[in-house]
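[1] Compute the structure for the input listed below.
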Amino acid sequence: MKRILLIFLTSIYAVMQMYGQVNVLERCTPESQGVPSDKITALFDSLMAFPDTEIHSVMVLRHGKVIAEMYPAPFKAEYGHQLFSCSKTFTAAAVGIAIMENRLRLDDRLAAFFPEFLPDSISAWLADITVRDLLTMTSGFELDTKMRTFATHWIEWYLHHPMVAEPGKRFAYDSINTYLLSAIIQRVTGMKMMDYLRQHLFQPLGITEAYWEESPEGINSGGWGLYLQPESLAKFGQLLLNKGEWNGMQLLPAAWVEEMTARQVDVPNGDDYGYQMWMCAYPGASRADGAYGQYIIVIPDKAMVITVTQCLTGNGGKEQGYIWDILMPHVSETPITENLSNKWEKRWRKYSHALPKGKAYSSMMKKIQSMDFNLEDNTLGWASLRLESAKKGLSFYITGTEGKETKIALGYQKWETSPICFYPPNARRSTLGSFSNVPTPFLVGSAYAWISRNQLEVQLHFVNWMSAVNLVFDFQGDKMHVDIQRNFDTFSTSTRKKLYSEHH
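    Sure thing, here's the model as predicted:
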């Protein structure tokens, strides 16, 4: 009985921690900060209609206050999110703190930190790589995106890796540059970068729900793998806007923030680069930027921060243009007349991703009720599934290849959210260390509709990760076909995969 009570209290504490991080920043009307609510609504509408993307959250801050936010159902403010390369900017912050503590200098040489991993013969270029070169993506290493899928000693691998340019001379975006910065932080502080940031940054900001993947070497991945809630992104963006100051505490050196957010490298045919941050098309603005459209956008001349989490599978950048074109021209330096903002806020709360369209019931359910369908090898890692009728819709049972079964509630014309005991589909699953240190259970928002008597559509949004899966089942006798579409597949190539199964 004591054990059950302890587990219950632990779960309650975890939930309280998660919810305690939302609605911490002050909220106010957009008009009180000189921004028209109808223009924010136009921005939100445009983002929701943006092709080949699924918006998960948007927060708009001005003068340190949240003036607008949206979390299209089934997403919520308390759900964390995979940030991909947005993580890099947090690594740059850790470097700045280490420099402030005199643990590190910009001109320190990479080779000096890891003498045990150096090749027998050290080239002049390898010897010359500095911390600054890693920060600006100008190390000169030959890009190798596949190494992370099989190598277990990443530092040694890269120190033996070919170089194709003199350090500091050529920009080449490579996440392992940032990983090496994380390794340097761990070497000079004696603690993992996540622990270092928790002590110096996350705790003062009131961020407790923060997790970071680790490499096989036990080092935070640095260039990717950070997992935070949207409001935590907003806090960090506001910290950058404030030149490193937070509630009277100077968490980051002001001069360092200025260097991070200023152009350090000219990038041919693209946005220029600072220290692990991109320069924006809007003058003076900079951003943390992660794959699939994760953004922390800092706009100093408007005293604004805008954060976005999403799964963008088309060409990025145009949705940023909506911010510049739809919102920025209408931002006033003084408060403006209230414009029925409460009406707009109600509308923002009603945003939702598309629910499957069709009927709630099909006579096919009588035939397939409780039937187990064994699946061929598939991209989702599912071994079998079955469907059962439920009072409020359908119950979807999935068994993973490891033998664990998960029950998912499927809502009709509404989203139902369920915990799962398997990993969500992940675009970077092949990277060693994926999902390490990220808490479970993951959650999935789910809905269904019968398209016809024989066809069932199921939509799954893995709401505290980033991915989604659309399934269309076609039942013919004892056989079943499943058409699987993962929302992130079109990032690199458009694919739809057929899965054949037979009831046993």
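[2] Now do residue 269 against residue 171, distance only.
    Residue 269 sits 11 Å away from residue 171, taking Cβ to Cβ, to the nearest Å as the criterion. To be clear about C-beta, it is placed using only N, CA and C from the backbone, and glycine gets the same treatment.
[3] The two: which is more packed in?
    Applying other Cβ atoms under 10 Å to residue 269 and residue 171 shows that residue 171 carries more neighbours, namely 18 against 4.
[4] Could I get the contacting residues of that one?
    136-138, 265-268, 273 (Cβ atoms under 8 Å, 6 or more residues apart in numbering).
[5] cool, and residue 383?
    Counted by Cβ under 8 Å, 6+ apart, residue 383 has contacts 374-375, 399-401, 403.
[6] Pull up the pairing partners for the strand or helix carrying it, direction included.
    Taking DSSP states H and E as the definition, one finds residue 383 inside strand 382-390. Within its sheet, and counting by DSSP bridges, strand 382-390 is paired with strand 373-375 (antiparallel), strand 393-400 (antiparallel).
[7] what would those strands look like in a markdown table with mean neighbour count and mean pLDDT?
    Listed next are the strands paired with strand 382-390 as a markdown table, based on neighbours: other Cβ atoms under 10 Å; pLDDT from 0 to 100:
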| stretch | mean neighbour count | mean pLDDT |
| --- | --- | --- |
| strand 373-375 | 18 | 91 |
| strand 393-400 | 20 | 95 |
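[8] Most neighbours among the contacts of residue 171, which one?
    residue 138 (24 neighbours).
[9] my guess is it meets residue 170, correct?
    Yes - between residue 138 and residue 170 there is a contact at 6.2 Å, judged by Cβ atoms under 8 Å.
[10] how about the helices of the stretch 1-150 of the chain, start to end?
    With DSSP state H, counting those that start in this stretch, the ranges of helices along the stretch 1-150 of the chain come out as 2-20, 37-49, 87-100, 110-113, 124-128, 131-135.
[11] Show me what the shortest one packs onto, helices and strands only.
    Read it as helix 110-113. Counting contacts by 3 or more Cβ pairs under 8 Å, 6 or more residues apart in numbering; DSSP states H and E, helix 110-113 packs against helix 124-128, helix 131-135, helix 175-189.
[12] mind running it again at 10 Å?
    Packing partners of helix 110-113 (3 or more Cβ pairs under 10 Å, 6 or more residues apart in numbering; DSSP states H and E): helix 124-128, helix 131-135, helix 154-159, helix 175-189.
[13] Averaged pLDDT, it. What do you get?
    Averaging pLDDT along helix 110-113 yields 98.
[14] Now the strand holding residue 383: buried residues?
    382-387 (16 or more other Cβ atoms under 10 Å).
[15] Columns pLDDT and distance to residue 121 on top of the residues you listed, output as CSV?
    Converted to CSV, those look like this (pLDDT from 0 to 100; distance: Cβ to Cβ, whole Å):
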residue, pLDDT, distance to residue 121
382, 93, 50
383, 93, 50
384, 94, 55
385, 94, 56
386, 93, 61
387, 95, 63
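[16] and stretch 166-180, how far apart are its ends?
    18 Å (Cα to Cα, to the nearest Å).
[17] need the helices for the stretch 201-350 of the chain, in chain order.
    Secondary structure of the stretch 201-350 of the chain (DSSP H, counting those that start in this stretch): helices located at 203-205, 230-241, 254-260, 318-322, 341-349.
[18] for those helices, which one ends up most surrounded?
    Comparing the helices of the stretch 201-350 of the chain by mean neighbour count (mean count of other Cβ atoms under 10 Å), helix 230-241 comes out on top with a mean of 24.
[19] For residue 279, list the residues it contacts.
    Contact analysis of residue 279 by Cβ atoms under 10 Å, 6 or more residues apart in numbering lists 261-267, 270-273, 285-287.
[20] what does the model give it for pLDDT?
    According to the prediction, residue 279 has pLDDT 97.
[21] and it, bridged to which residues?
    residue 286.
[22] which residues touch residue 444?
    Residue 444 neighbours (Cβ under 10 Å, 6+ apart): 74, 396, 398, 406, 408-409, 415-420, 422, 424, 459-465, 467-469.
[23] pLDDT on the helix or strand encompassing it, on average?
    Element membership of residue 444 [criterion: DSSP H and E] is strand 442-450. In this model, strand 442-450 has a mean pLDDT of 98.
[24] by how many degrees do that strand and strand 393-400 diverge?
    Put simply, strand 442-450 runs at 130 degrees to strand 393-400, going by axes from the mean of the first three to the mean of the last three Cα atoms, to 10 degrees.
[25] pull the CA atoms of strand 442-450 into PDB?
    Taking C-alpha atoms only, strand 442-450 is exported to PDB below (Å, rounded to 0.1, in the frame of the first residue of the first chain):
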ATOM      1  CA  PHE A 442       4.900   9.900 -24.500                       C
ATOM      2  CA  LEU A 443       1.400  11.000 -25.300                       C
ATOM      3  CA  VAL A 444      -0.600  10.700 -28.400                       C
ATOM      4  CA  GLY A 445      -3.700  12.700 -29.500                       C
ATOM      5  CA  SER A 446      -5.900  10.500 -31.600                       C
ATOM      6  CA  ALA A 447      -9.100  10.600 -33.700                       C
ATOM      7  CA  TYR A 448     -10.800   8.400 -36.300                       C
ATOM      8  CA  ALA A 449     -13.600   8.200 -38.900                       C
ATOM      9  CA  TRP A 450     -14.900   5.500 -41.200                       C
END
